[in-house]
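K.L.:
Need coordinates for the below:
(chains A, B, C and D)
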2 protein chains.
Amino acid sequence: MGNATVKTRRKPRADSLRNRELLLDAATRIFSVGGPQASLEAVARQAGVGIGTLYRHFPTREALFDAVYRHEVDHLVELAEKLAGEADTVEALRKWLHANVRLVATKKGMIGALQLVAHGSPDLKAYSLERLTGAVRLLLDRTIAAGKTRSDIPPEDLLRTLIGIFYSQSTDDWQPTALRLVDIFVDGLRKR
Amino acid sequence: MGNATVKTRRKPRADSLRNRELLLDAATRIFSVGGPQASLEAVARQAGVGIGTLYRHFPTREALFDAVYRHEVDHLVELAEKLAGEADTVEALRKWLHANVRLVATKKGMIGALQLVAHGSPDLKAYSLERLTGAVRLLLDRTIAAGKTRSDIPPEDLLRTLIGIFYSQSTDDWQPTALRLVDIFVDGLRKR
DNA sequence: TTGATAAACGGAGGAACCCTCCGTATAAAT
DNA sequence: ATTTATACGGAGGGTTCCTCCGTTTATCAA
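P.N.:
Here you go, the predicted model:
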């Protein structure tokens, strides 16, 4: 039976897939510096496609932003999977948390974006929370299994702490502070 | 000696003052429904003046927003001064707090605006915090002097609680909840 | 009162952006 | 090779931004 849809669909066109990817990358860059209300025409220009193509792929600004955000979340999950291969489990966890800090630091626009997300689509919120929690769990479980850290901290709490660190630091020069706080927290997790 | 400026300045023109006031009122209305990035041309239209006039009075969007916000704060201070004449001191306090809730509720845009303020000009933040604290103190001291409420709550804490109530409630239908929370808090202040 | 003039006014205009629509181009299927 | 479903690009109409400048007017001095 294979496919339950009415007619056998054509394979999606190669240029379509490629352009979608180009747009996503461009949007990530543009939103990073311009915040979530940056020019969509600039995104299309940056991607090297027509504005019409952008709107066909992402009918609304929201849709584009949603996709970009999911993309970023997926990247973080991938990174976690890669780090899960490292020998030093605690260090792997620490690296992943630092990557989070740097991501938000680099892509300043993301901060404003996060506020939109918080008040925006519950779908997106649920998706990112779930996936990121999974990523943390992946790394955290290994440190626990290795007997390196205390075992009474659920991944959700660790994630919430991370978010709390992002929110509480709203000045320009917050990155070093955030990294330090992360380190302190990780040290706190360590058994001794 | 009077005026230390170089030359004796002319009196500001009457139309200038009037237009400034018109613009401020219009901006309050427009920002209320459209949020802090609403169209400035719409503000000028609403005020019945040319767009050039708007830009002369408020060279940047920030400047206009700043002025509107100060205006609103001043209104709340005036209200506090008026309520300070009421016989029932606790009721006066309650009314003022409710006015705060309704203000933010009516002017939805203010919520987004508050976020801009939080990360924006420290001047504006300091100004509003100071003036509003003064207003609360005015009302709170009277209830304490009348022996109606406990006396160990500084006005700053009361204000922070109010802000906390605004921030924590981010859904559409938050107004009744916020009013209830305010009432509970005021009841908590009461001596019995 | 009556000029003189500093100050304010309005809005045209060029640039950027938003989003839609549709003629053209092209990848997949036959 | 031909067909055709899909995707592409960008012109175009509408909105907003902000500047610039010719015109109007409120103040002040005579």
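
K.L.:
what residue ranges in chain A score low on pLDDT?
P.N.:
A:1-8, A:108-120, A:167-173 (pLDDT under 70).

K.L.:
what domains does the record give for it?
P.N.:
Using automatic domain parsing, the domain parsing of chain A gives A:10-59, A:62-189.

K.L.:
for those, which one sits closest to residue B:27?
P.N.:
domain A:10-59 (19.6 Å; CB to CB). No exception for glycine: its C-beta is placed from N, CA and C like everyone else's.

K.L.:
Get me the contact residues on chain A for DNA strand C.
P.N.:
A:10-15, A:37, A:39-42, A:51-52, A:55-56, A:59-61 (CB under 7 Å from any atom of the strand).

K.L.:
Please pick the buried ones from those.
P.N.:
residue A:40 (16 or more other CB atoms under 10 Å in any protein chain shown).

K.L.:
What are the neighbouring residues in contact with the most centrally placed residue in chain A?
P.N.:
Residue closest to the average C-alpha location in chain A (CA atoms, centre = their mean): residue A:73, at 2.6 Å. If you count contacts by CB atoms under 8 Å, 6 or more residues apart in numbering or on different chains, residue A:73 has them with A:127, A:128, A:131, A:132.

K.L.:
Not counting sequence-adjacent ones, nearest residue to residue A:42?
P.N.:
residue A:30 (5.5 Å; CB to CB, 6 or more residues apart in numbering or on different chains).

K.L.:
same deal with residue A:137?
P.N.:
Distances taken as CB to CB, 6+ apart place residue A:155 nearest to residue A:137, at 4.1 Å, with adjacent residues excluded.

K.L.:
re the thing from before, ok, so what distance separates the residue nearest to residue A:42 from DNA strand D?
P.N.:
16 Å (CB to the nearest atom of the strand, to the nearest Å).

K.L.:
Please apply the same query to residue A:12.
P.N.:
5 Å.

K.L.:
do residue A:94 as well
P.N.:
Residue A:94 sits at a distance of 41 Å from DNA strand D (criterion: CB to the nearest atom of the strand).

K.L.:
OK, contacts around that residue?
P.N.:
A:182, A:183, A:186.

K.L.:
Kindly export the helix or strand hosting the second one (C-alpha atoms) in CSV.
P.N.:
Read that as residue A:183. Under the criterion of DSSP states H and E, residue A:183 resides in helix A:175-189. The C-alpha coordinates for helix A:175-189 follow below in CSV (Å, rounded to 0.1, in the frame of the first residue of the first chain):
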residue,chain,number,x,y,z
GLN,A,175,28.7,36.0,28.1
PRO,A,176,31.6,35.6,30.5
THR,A,177,29.2,35.7,33.4
ALA,A,178,27.0,33.1,31.9
LEU,A,179,29.9,30.8,31.2
ARG,A,180,31.1,31.1,34.7
LEU,A,181,27.7,30.4,36.1
VAL,A,182,27.4,27.3,34.0
ASP,A,183,30.8,26.1,35.2
ILE,A,184,29.8,26.7,38.8
PHE,A,185,26.7,24.8,38.3
VAL,A,186,28.5,21.9,36.6
ASP,A,187,31.0,21.8,39.5
GLY,A,188,28.0,21.7,41.9
LEU,A,189,26.8,18.6,40.1
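
K.L.:
elements contacting it?
P.N.:
helix A:89-106, helix A:155-168 (3 or more CB pairs under 8 Å, 6 or more residues apart in numbering or on different chains; DSSP states H and E).

K.L.:
could you check the angle helix A:89-106 makes with it?
P.N.:
With axes from the mean of the first three to the mean of the last three CA atoms, to 10 degrees defining the directions, helix A:175-189 sits at 160 degrees from helix A:89-106.

K.L.:
Identify the residues contacting helix A:175-189?
P.N.:
With CB under 8 Å, 6+ apart as the criterion, helix A:175-189 contacts A:90, A:93-94, A:97-98, A:101-102, A:105, A:143, A:149-150, A:153, A:161-162, A:165-166, A:169.

K.L.:
buried set for that helix?
P.N.:
Buried, per 16+ other CB under 10 Å, within helix A:175-189: A:178, A:179, A:181, A:182, A:185, A:186, A:189.

K.L.:
could I get those residues as JSON lines with distance to residue B:85?
P.N.:
Listed next are those as JSON lines, based on distance: CB to CB, whole Å:
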{"residue": "A:178", "distance to residue B:85": "49"}
{"residue": "A:179", "distance to residue B:85": "54"}
{"residue": "A:181", "distance to residue B:85": "49"}
{"residue": "A:182", "distance to residue B:85": "53"}
{"residue": "A:185", "distance to residue B:85": "52"}
{"residue": "A:186", "distance to residue B:85": "58"}
{"residue": "A:189", "distance to residue B:85": "58"}
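
K.L.:
for these, which one is nearest residue B:68?
P.N.:
Nearest member of the buried residues of helix A:175-189 to residue B:68, counting by CB to CB, is residue A:178, at 33.1 Å.

K.L.:
Without its sequence neighbours, what residue ends up closest to that closest one?
P.N.:
residue A:101 (4.8 Å).

K.L.:
Could you measure from that neighbour over to residue A:77?
P.N.:
17 Å (CB to CB, to the nearest Å).

K.L.:
Neighbour count: these two, which is higher?
P.N.:
The residue with more neighbours, out of residue A:101 and residue A:77, is residue A:101; 21 against 16, by other CB atoms under 10 Å in any protein chain shown.

K.L.:
residues touching the more buried one, list them.
P.N.:
A:165, A:166, A:175, A:178, A:179, A:182.

K.L.:
Check residue A:136 too.
P.N.:
Taking CB under 8 Å, 6+ apart as the definition, contacts of residue A:136 comprise A:80, A:96, A:155, A:158, A:159.

K.L.:
Done for today, thanks.
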